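K.L.:
The sequence and its predicted three-dimensional model are supplied below.
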Amino acid sequence: MEAAGKEEISVEDEAVDKNIFKDCSKIAFYRRQKQLSRRATYQASLDSATIGKDSTKFQIISETTKVSLLAEVYGIEGNIFRLKINEETPLKPRYEVLDVLTSKPSTVRLISCSGDADSLVLTDGKGDLKCNITANPFKIDLVSQEEVVMSINSLGQLYFEHLQIPLKQRAAKENKEDTSVDASQEDQEDLGLWEEKFGKFVDVKVNGPASVGLDFSLHGFEHLYGIPQHAESHQLKNTSDGDAYRLYNLDVYGYKIHDKMGIYGSVPYLLAHKLSRTVGIFWLNASETLVEINTEPAVKYTLTQMGPVAAKQKVRCRTDVHWMSESGIIDVFLLTGPTPSDVFKQYSYLTGTQAMPPLFSLGYHQCRWNYEDEQDIKEVDAGFDEHDIPYDVMWLDIEHTEGKRYFTWDKKRFPNPKRMQELLRSKNRKLVVISDPHIKIDPNYSVYVKAKEQGFFVRNHEGGDFEGVCWPGLSSYLDFTNPKVREWYSGLFTFSAYQGSTDILYIWNDMNEPSVFRGPELTMQKNAIHHGNWEHRELHNIYGFYQQMATAEGLIQRSKGKERPFVLTRSFFAGSQKYGAVWTGDNTAEWSYLKISIPMLLTLSITGISFCGADVGGFIGNPEAELLVRWYQAGAYQPFFRGHATMNTKRREPWLFGEEYTRLIREAIRQRYTLLPYWYSLFYRAHVAAQPVMRPLWIEFPEELDAFGVEDEYMLGSALLVHPVTEPKASTVDVFLPGSNEVWYDCKTFARWEGARTVKIPVALDTIPSFQRGGSIVPIKTTVGKSTGYMTDSPYGLRVALSTKDSAMGEFYLDDGHSFRYLHQKQFLHRKFSFLSDVLINSCADERGHYPSKCVVEQIFVLGLKKQPSSVTTRSSDGKDEPVAFTYCAQMSTLRLEKLSLNISADWEVHVR
């Protein structure tokens, strides 16, 4: 053990042969479900169903084993159904996921509108939704307006392995009836019933196999999205045998793109969309999960035998989704929409909305593994000022610590961390440092000693502390599933405990899949033991979620509950949006990784995680200057904006590639800062109404079939369409502008385009193809400072883009940018802008909020104004009119008003005559 601790750990421990990761053929529960589910048929006992206040319960009995399961159907507020299936009398309790749901969902009593031994029809009595349960074979249909939207178990793939008495105990009990799968010794080994071999690792299953599975058929749907995280297209693809989407959090350095293997995070939630409806399926299970998808295309006519007469019947397309999990129970939420916006609200009602980020975190972040020392930080910080490039946050990776002991500082490199932070504070900047879940085994390291004394580490199956190798060498892993461990860990962020930290220091959780070098698939053995005696297999995918939860809580407690935290995590689960930001992990400096980052971020965004980004420039390797520029341009228009690079790469601060490239990167970052008022307003919408910040086109244009598969461009909110350039030496890009009744304005040239067409846009290296949607008003900052903190009082501008009906709407949100006063004391400003009948009006959007601001709107730009005005006047709330100088360009149909002084927080009007 000692020797292992002294071995040199390097980046090579992460950069490994992909063969150390399993494909589906190596996953025993997948093989079992594929081979054995066809043998099992289930029948529901509906004559003994009980309809209670909260749920309807009935038994489901396997025709082969005669063992019964207990099914519960719940109606939940807001058009959500929940189905739970568990063993009726399990040998011991089966794991159920805690802490993801924000609270116990409010149930709606379901009433039976018809029923007998063969079927039962449930409705909430309000809407048009019905839940039709068929007894033999067991099936559930969700019906809306007499049309089946979704069927459950229509393919008969319900699969439920019952916990069994351990083999050793069983041998002692003679004639004990075995309700498990009937399998020979050879079969048992192949099916991995009691133990599963992979490479040199053997996974022993004390209570035998415990996997669950169920199929869902989505009628009329062929466009599915979600189940991150995969380096794959936004629209989910059909899976062939052995090629399921895998949800299993793993540390995959330089992951392969266009691959369905699991990487750093898992959200077991997908959405299906068609012209008339959007629905969602949220499979609440934290064990290893596989998802198969198969779309049956529409058949124009099929012959069906109806009595003696053959009749022709139109068959709609259908997509079948097969969920399989290694353990736990079946606990699934059916989100019935009907609109994309409704589905987002339904999911956020269950798992929470995106945390409101502090404003600085929407600025640019500068990171690498590693900035060498305090002098290096000072020089990089000065470099941004010298080259007039704004940035907000400096980051420190693992080398800032004393021998990878988190919550410490390397005394040679960072002898005075507080002085370094004061330098950053003097420019309104922040510091982020890393804190991983592995703790170096060292009797002189106080964090290790205190955690060991209190039994706060994950244990091995023999009862001792689990030990694995990571950056510090031999390490133990904090058991964040234990509320006491989370509470203790949160306390480590207090200023007294974390020596050298100040209130401008924030946190980055990395390696929290958890990553265990030289472990099976570079992670923890599945039979490691957590709080409550649960095996790691039950909760693997939620481990990182719990670390981020504890970290965010620690930063909130540090400020006595006053300040918003900022925590970036690599590993995540459903609900991680409540605690901070996520990024796409260890990408590579290649054009293909820039391109795949767009669908990856779109998928995160629609599954609740709006605060997401990809490492600008690519983490691994050295980007050529053109790729770096294009990546900055893309990153500036994506929610989390951070440059990052691994060890042994060439330095790539924005000014190191020559003056021309410095100018281009500066321009991209400055455009980000110009748009911060719009970004912040979008995050407020995500926080209060669950609307994604970065949106695939199908969300904004749900009736436009051509938009359903688009993933090389996206909307920011409802106003801006962005099409990053992701090909080298591009001279043009084909931009799809959706909406037959829409008009679009090029943000750079102000050229006006009709919607529902693809246009060829010429691009130079300084072009970021972006378009403002007619009918929108976008708030901007007219001047850019060194960081967001320098821009608090700087003036605003409004970009008004007129629709085909010569009108426009927009909103603006403002608060202090850092505290919870917007929530507890209603200290915020929420304004609504409207342009109608040649009058621009600024009015209050939420009377509950009060936040006085000295800031003024000094510039208004109107796009698409067809005739030259004779006069422009402003009217204040006291009715006083003031004439305004204006510039009108007839060729571009643009009106520019400058040198205004209209208070952003006051009611006023601008009249264009």
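P.N.:
All right, it came through fine. Because the structure is a prediction, the values reported are computed rather than measured.

K.L.:
In space, what's closest to residue 522 - neighbours in sequence excluded?
P.N.:
residue 251 (5.0 Å; C-beta to C-beta, 6 or more residues apart in numbering). Heads up, the C-betas are built off the backbone N, CA and C, glycines and all.

K.L.:
same thing with residue 719?
P.N.:
Closest to residue 719 by C-beta to C-beta, 6+ apart is residue 776, at 3.6 Å.

K.L.:
Next, the one you found: phi, psi?
P.N.:
Residue 776 adopts backbone torsions of phi -120, psi 160, taken as degrees, to the nearest 10.

K.L.:
you'd agree it is up against residue 809?
P.N.:
Yes. Between residue 776 and residue 809 there is a contact under C-beta atoms under 8 Å: 6.9 Å.

K.L.:
Assign residue 450 to helix, strand or coil.
P.N.:
helix (DSSP: H, G, I helix; E, B strand; the rest coil).

K.L.:
ugh, wrong one, I meant residue 432
P.N.:
Three-state call for residue 432 (three-state DSSP): strand.

K.L.:
which residues does it bridge with?
P.N.:
residue 395, residue 506 (DSSP bridges).

K.L.:
For the spatially most central residue of the chain, which non-adjacent residue is closest in space?
P.N.:
In the chain, the residue lying closest to the centroid (C-alpha atoms, centre = their mean) is residue 609, at 2.9 Å. Spatial nearest neighbour of residue 609, excluding adjacent residues (C-beta to C-beta, 6+ apart): residue 577 at 4.8 Å.

K.L.:
Just the pLDDT for that neighbour.
P.N.:
Per-residue pLDDT puts residue 577 at 98.

K.L.:
so what's it up against?
P.N.:
351, 352, 353, 354, 355, 608, 609, 610, 611 (C-beta atoms under 8 Å, 6 or more residues apart in numbering).

K.L.:
That one and residue 656, how far apart?
P.N.:
35 Å (C-beta to C-beta, to the nearest Å).

K.L.:
what does residue 345 give?
P.N.:
Distance from residue 345 to residue 656, counting by C-beta to C-beta: 46 Å.

K.L.:
quick check: mean pLDDT across stretch 816-834?
P.N.:
The model assigns stretch 816-834 a mean pLDDT of 98.

K.L.:
whoops, stretch 99-109 was the one
P.N.:
On average, stretch 99-109 scores 96.

K.L.:
now stretch 690-701
P.N.:
Across stretch 690-701, pLDDT averages out at 98.

K.L.:
now do the same end-to-end measure for it.
P.N.:
Stretch 690-701 has an end-to-end distance of 18 Å (C-alpha to C-alpha, to the nearest Å).

K.L.:
Distance from it to the middle of the chain?
P.N.:
13 Å (C-alpha atoms, centre = their mean, to the nearest Å).

K.L.:
was I right about residue 578 contacting residue 357?
P.N.:
No. Using C-beta under 8 Å, residue 578 is not in contact with residue 357; the gap is 12.0 Å.

K.L.:
So for these two, which sits in the more crowded spot?
P.N.:
residue 357 (25 against 18; other C-beta atoms under 10 Å).

K.L.:
what's the distance between the more buried one and residue 577?
P.N.:
Distance of residue 357 to residue 577, computed by C-beta to C-beta: 11 Å.

K.L.:
what sits in contact with each of these two?
P.N.:
residue 611.

K.L.:
Counting neighbours, go ahead and name the busier of residue 776 and residue 809.
P.N.:
residue 776 (23 against 16).

K.L.:
quick one: pLDDT of that one?
P.N.:
For residue 776, pLDDT reads 99.

K.L.:
Contact partners for it?
P.N.:
Shown in contact with residue 776 (C-beta under 8 Å, 6+ apart): 718, 719, 720, 801, 808, 809, 810.

K.L.:
List the contacts of the fifth one.
P.N.:
If a contact means C-beta under 8 Å, 6+ apart, then residue 808 has 774, 775, 776, 777, 800, 801, 802, 833, 834, 835 as its contacts.

K.L.:
Among those, which lie within helices?
P.N.:
Judged by DSSP state H, helices contain none of the contacts of residue 808.

K.L.:
As a check, name the ranges of all strands in the stretch 351-500 of the chain.
P.N.:
364-366, 393-396, 430-434, 438-440, 468-470, 473-477 (DSSP state E, counting those that start in this stretch).
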